[in-house]
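Participant: sequence first, then the predicted structure:
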Protein chains: 4
Amino acid sequence: MEFKDHQAIYLQIAESVCEKILNGIWKEEDRIPSVRELGTTLGVNPNTVARTYEHLQQREIIYNKRGIGFFVTPGARREILTSQRKQFLQEELPGFFKKLDLLGITIKEIEDFYNKHTQ
Amino acid sequence: MEFKDHQAIYLQIAESVCEKILNGIWKEEDRIPSVRELGTTLGVNPNTVARTYEHLQQREIIYNKRGIGFFVTPGARREILTSQRKQFLQEELPGFFKKLDLLGITIKEIEDFYNKHTQ
Amino acid sequence: MEFKDHQAIYLQIAESVCEKILNGIWKEEDRIPSVRELGTTLGVNPNTVARTYEHLQQREIIYNKRGIGFFVTPGARREILTSQRKQFLQEELPGFFKKLDLLGITIKEIEDFYNKHTQ
Amino acid sequence: MEFKDHQAIYLQIAESVCEKILNGIWKEEDRIPSVRELGTTLGVNPNTVARTYEHLQQREIIYNKRGIGFFVTPGARREILTSQRKQFLQEELPGFFKKLDLLGITIKEIEDFYNKHTQ
DNA sequence: GTGGTCTAGACCACC
DNA sequence: GTGGTCTAGACCACA
């Protein structure tokens, strides 16, 4: 996996985990790969994955069974959805609209782009 | 002024400068505040503002008259517009659309939000 | 059974065993459940219970008859009482008092809580 | 500084920081030592201190000014007090009382110990 | 100077 | 096998 430079790797991994849960690839109560396993898969130090998991555990998206591994928390999908929607609507969208105005782009143009994009 | 955590302060200042130019608050060939002046205004180390100006100077949005100060480059407004439009359409929009899909938000909802937002 | 995160599971099980002996639920010379039995009861790996029993055996609180099972050692109750009292008075209590001071809680309040608690 | 074995060093450091704040040694809005500084003071790797600070930052007990250092959050003292009191009353005290009963220690004896202890 | 991140490697307790 | 912690050392962006 390739990582972008402007964001910490452990956060990019966290996002990819969330996506997997949102997409239903990892379901609730599923065991997810061990830190070592995912580390070698991604070509990353296990410590970095451990940091990702610690972060996700604090957000109650995954939980740990000692000596066994990490599991997807029941309700994780809903939790991710609501928190990301909230973050999106409250933080990103206002800046997005502001930028539209500043750059003189209409919402109609965005719509057209979207339709082209999803065709 | 308050700064967000996820972006370098000098870049956030740069954005606010660009906004002022886009809005016509600072017109082309206008002198903009000195590094020290803006620094105290914003409650920020002058070095940080210096970095902002250096950054904007490289992008040819402002230029320096030695011993006098910084000035808005002729054509700066157009330059900002085109570069930001390009950056916006090529880099932000795809991620924006992807997020919409992931969060199950329709482009229609965005439109509604926009209309409410600008009323 | 649910386990807390801050202490090893096998020690939490050991405590519950000691409690049962203190309460007289398991009397001296009684046979206690097999490793496998208790493991499934608690939803825990038998190895973990084995570790608990090994630990208690070392403290001479239980003993093993090969091929038959584990039994409560004669005098176990007294042994648990004295060792735990010692540990409690020497190690827990000082930290407990220190915390009271730090949090501004008086011994009087503790007494009141206790009386409410045991009513 | 010496550390006990049964708890992670970074958590023990966190506790000592909280104590300093509770005791008023570090007041709100004060700058606390840099990770390197405190690391060498305690004879500990700077990474470990960094982990402590990250942990305390998440609990909003300290905050970071980029490139400058960590500062005690306004209201940190109150925050620590309430969270620790809550933790103490809800989690520790019930177990404490339970142990008293099991060990046959009366609340009166505790009081006597306390008075001896604080003389 | 500051903190943030990452790697490599180690040791540990636990299951 | 699992994760948790710590160290040493490095590089980076930032103020």
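Facilitator: Yep, it's here.
Participant: how about residues contacting the strand or helix carrying A:Thr82?
Facilitator: A:Thr82 belongs to helix A:76-87 when elements are defined using DSSP states H and E. Residues from elsewhere that reach helix A:76-87 (CB atoms under 8 Å, 6 or more residues apart in numbering or on different chains): A:18, A:21-22, A:24, A:28, A:59-62, A:73, B:99, B:102-105. Any C-beta I mention is one placed from the backbone N, CA and C, and that applies to glycine too.
Participant: let's see it at 6 Å
Facilitator: With contact meaning CB atoms under 6 Å, 6 or more residues apart in numbering or on different chains, helix A:76-87 is reached by A:18, A:21-22, A:28, A:61, B:103.
Participant: how distant is that helix from the center of its chain?
Facilitator: Its chain's average C-alpha position is 10 Å from that of helix A:76-87, according to CA atoms, centre = their mean, to the nearest Å.
Participant: dump whatever helix or strand comes next after that helix to CSV, restricted to CA.
Facilitator: Counting by DSSP H and E, the element after helix A:76-87 in chain order, helix or strand, is helix A:93-103. Provided in CSV are the C-alpha atoms of helix A:93-103 (Å, rounded to 0.1, in the frame of the first residue of the first chain):
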residue,chain,number,x,y,z
LEU,A,93,-19.0,21.5,4.3
PRO,A,94,-18.8,25.2,5.4
GLY,A,95,-15.3,25.5,4.1
PHE,A,96,-16.3,23.8,0.9
PHE,A,97,-19.1,26.2,0.3
LYS,A,98,-16.9,29.2,1.2
LYS,A,99,-14.4,28.0,-1.4
LEU,A,100,-17.1,27.6,-4.0
ASP,A,101,-18.0,31.2,-3.5
LEU,A,102,-14.5,32.5,-3.5
LEU,A,103,-13.6,30.6,-6.6
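Participant: tell me the first helix or strand C-terminal of helix A:93-103.
Facilitator: Counting by DSSP H and E, what follows helix A:93-103 is helix A:107-118.
Participant: so for that next one, mean pLDDT?
Facilitator: Averaging pLDDT along helix A:107-118 yields 85.
Participant: in it, what counts as buried?
Facilitator: By neighbour count with 16 or more other CB atoms under 10 Å in any protein chain shown, helix A:107-118 contains the buried residues A:107, A:110, A:113-114.
Participant: same check on stretch A:14-23?
Facilitator: Neighbour counts using 16+ other CB under 10 Å place A:14, A:17-18, A:21-22 of stretch A:14-23 among the buried residues.
Participant: and that stretch, how far out from the chain middle?
Facilitator: Offset of stretch A:14-23 from its chain centre (CA atoms, centre = their mean): 5 Å.
Participant: what helix or strand does the closest residue to DNA strand E within chain A sit in?
Facilitator: Of all residues in chain A, A:Gly67 sits closest to DNA strand E, at 2.1 Å by CB to the nearest atom of the strand. Under the criterion DSSP H and E, no helix or strand holds A:Gly67.
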